[in-house]
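Enquirer: mind looking at a prediction? Sequence and model below.
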Amino acid sequence: MKHIVILASGNGSNAENIIRYFQENNLDAKVEAVLCNRKEAGVYERAAKLAVDTIYIKKSEFNDPDTLLPILRKKNADLIVLAGFLLMVPDFLLREYPDRIINIHPSLLPKYGGKGMFGHHIHEAVVAAGESETGITIHKVSEICDGGEIIFQVAVPVASDDTPETVESKIHILERTHFPAVIARLLSTL
Ligand code: GRF
């Protein structure tokens, strides 16, 4: 059995979708825990409803190997999945889990990535630039913000009457459709 640990900071719709996917399909893998750095995040309720352990870990603890690594070892983490996680991943974690930390980014990287490019800022920038398409990128996490090796991308058209909100809905559909399956494929190679 492979163990996934999800890191999240907010609403948690991706976390919930990933948890459900591995609970509902017979894939010899499961989400073992969700770690979150924001107390008021919606992800706790979503994970708890599905009987998955949630752990609040504040930024200073997340950056402390003596706090974070024992938690991940106890959960036997094979893969760490960032789903709406807004902190930079510390170097010690990259060294401990090489090629085993992935992130989803709601644009076609390298476009609309990097510092300050998160959540609605991305979709606003895409619409303001008059892009004809956007999409999602699933990538390995490296020391460069949104700069790790790309594992998967899929695009969706942006229409002239799209708004940041309608673009966001399109992105959520792509995330729901593809993220869990990409994780499953990656796990089968580990
Ligand atoms: C998603 O669009 C994800 O791609 C981005 O932040 C959003 C998180 O949404 N990194 P949720 O917390 O999974 O609902």
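Expert: Perfect, thanks for sending it.

Enquirer: could you give the average pLDDT over stretch 29-46?
Expert: Throughout stretch 29-46, pLDDT has a mean value of 97.

Enquirer: which element, helix or strand, includes the nearest residue to Val156 once chain neighbours are set aside?
Expert: Using Cβ to Cβ, 6 or more residues apart in numbering and skipping the chain neighbours, the partner closest in space to Val156 is Lys170 (4.8 Å). C-beta here means a position set from N, CA and C on the backbone, and glycine is covered the same way. Using DSSP states H and E, Lys170 sits within helix 164-187.

Enquirer: how about Gly113?
Expert: Going by DSSP H and E, Gly113 is not in any helix or strand.

Enquirer: for it, which non-adjacent residue is closest in space?
Expert: Nearest non-adjacent residue to Gly113 (Cβ to Cβ, 6+ apart): Asp146, at 3.3 Å.

Enquirer: part of a strand, is the one you found?
Expert: No: looking at Asp146 with DSSP: H, G, I helix; E, B strand; the rest coil, it is coil, so not inside a strand.

Enquirer: okay, now it: neighbour count?
Expert: By other Cβ atoms under 10 Å, the residues close to Asp146 number 19.

Enquirer: quick one: residues contacting it.
Expert: Contact analysis of Asp146 by Cβ atoms under 8 Å, 6 or more residues apart in numbering lists 103, 105, 109-110, 113-114, 117, 139.

Enquirer: make sure the residue nearest to Val156 is actually in contact with Val154.
Expert: No: at 10.9 Å, Lys170 and Val154 do not qualify as touching, with contact defined as Cβ atoms under 8 Å.

Enquirer: right, I'll leave it there.
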